[in-house]
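Asks: Generate a structure from the sequence data that follows.
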Amino acid sequence: MKTQNISAQIFHDSPSDLGHRAKWWTGRIAVYGVLLIWALVCLFPIYWTLTTSFKMAPDVMKGHMIPWVDFTPKWLGWKSLGLSPDTLGDDNTVRAEFVKRFTNSAIVSVVSSILAVILGSLAAYGLSRFSYKFAWMRNGDISFFFLSQLILPPVVLALPMLVLYKELALLDTRIGLILLYTLSVLPIVIWIMRDQFSSIPTEVEEAALVDGLSIWGAFITIIVPIALPGMVAAFILSLVLTWNEYFFAALLTSTHANTLPVMVASQTGSQGISWWSMAALAWAAIVPLIIIGVVLERYIIKGMAAGAVK
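Replies: So this is what the prediction gives:
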């Protein structure tokens, strides 16, 4: 019966309706085709990194890509880190070093991202709700001043930060990296959260003030829950940037506070680059970010949608 109805509908459709339907399907196929190609392009580096961690040296040099077709997977990369099935039960100094670097990266990136979101949200809320005047600078100038800090190349700050941290006894400490990383991602958080707070009507706070709440009470109980998706999106962006930061981690640390990116870059020696070990380390560094992105996906989408609506 359904087949007869569909056939009758198609039979009675005018040529213009058929043309519109064909264009609609063509557009859908084109869009999904482009998205599929882009997804493959984005996921290919992750796939290449994972497969490289299971390759032998000749397979890496020959560019073999498909396991069990081009090459037979081996645990060479993971074994060099003490993370293969046959080495997990043994004492391994490389694995202990990896765990230490991983812990340093996790603590430094998470704490600095949380601090940046807290401080950046407070600054962004003030810039979106109140008018400031500092010399010739107004709210827009202050916001641009924060953003302009990203223009300065990190290498310009290398010598001043090295001297300053030496005087403050912050070299090779987690606290030193946390303070520096918080300052480095703070401008991005301020700009993201300023748009989030600007999209929230001021009438919401005015109603809360009428009900007897203070400015701080309205901010914590009313505004923060509404802006939470944007705060999570800013946190994830800060986490990615601080987790992958290499320059200052290599410059300001040596033994105790080294992070995972420094260990990944150190997989070189007199025999050349240990691609399989580097790939295994890189994959171990990628996995936490993938898990966090999947778990907090809905907050990321809400945060992006809020900015798009504005």
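Asks: Domain-wise, how is this protein divided?
Replies: Following the assignment in automatic domain parsing, the chain carries domains at 2-80, 93-309.
Asks: What helices and strands are in contact with the helix or strand hosting Phe146?
Replies: Element membership of Phe146 [criterion: DSSP states H and E] is helix 139-148. The contact analysis (3 or more Cβ pairs under 8 Å, 6 or more residues apart in numbering; DSSP states H and E) places helix 139-148 against helix 93-129, helix 174-198. For the C-beta atoms, the positions are set from N, CA and C on the backbone; glycine is no exception.
Asks: Looking at those helices, spot the one closest to Ala282.
Replies: helix 93-129 (12.1 Å; Cβ to Cβ).
Asks: and that closest one, which residues are buried?
Replies: Neighbour-count burial for helix 93-129 flags 95, 98, 100-102, 104-105, 108-113, 115-117, 120-121, 123-129 (criterion: 16 or more other Cβ atoms under 10 Å).
Asks: do stretch 255-270 as well
Replies: For stretch 255-270, using 16+ other Cβ under 10 Å, the buried residues are 257-264, 267.
Asks: just how off-centre is that stretch within its chain?
Replies: 21 Å (Cα atoms, centre = their mean, to the nearest Å).
Asks: any idea how far the one residue sitting closest to the centre of the chain is from Met263?
Replies: Closest to where the C-alpha atoms of the chain average out (Cα atoms, centre = their mean) is Val240, at 3.0 Å. Here the criterion is Cβ to Cβ, to the nearest Å. By it, Val240 lies 18 Å from Met263.
Asks: likewise Gly293?
Replies: Taking Cβ to Cβ, one finds Gly293 at 22 Å from Met263.
Asks: Would you map the strands across the stretch 151-300 of the chain?
Replies: 268-269, 272-273 (DSSP state E, counting those that start in this stretch).
Asks: per-residue pLDDT, Leu18?
Replies: Per-residue pLDDT puts Leu18 at 67.
Asks: among the domains of the chain, which is nearest Asp86?
Replies: Nearest of those (Cβ to Cβ): domain 2-80, 7.3 Å.
Asks: what angle separates the helix holding Phe146 from helix 93-129?
Replies: 170 degrees (axes from the mean of the first three to the mean of the last three Cα atoms, to 10 degrees).
Asks: buried set for helix 139-148?
Replies: 139, 142-143, 146.
Asks: again, but for stretch 53-65
Replies: 53-55, 59-60, 64.
Asks: That one - what's its average pLDDT?
Replies: The model assigns stretch 53-65 a mean pLDDT of 83.
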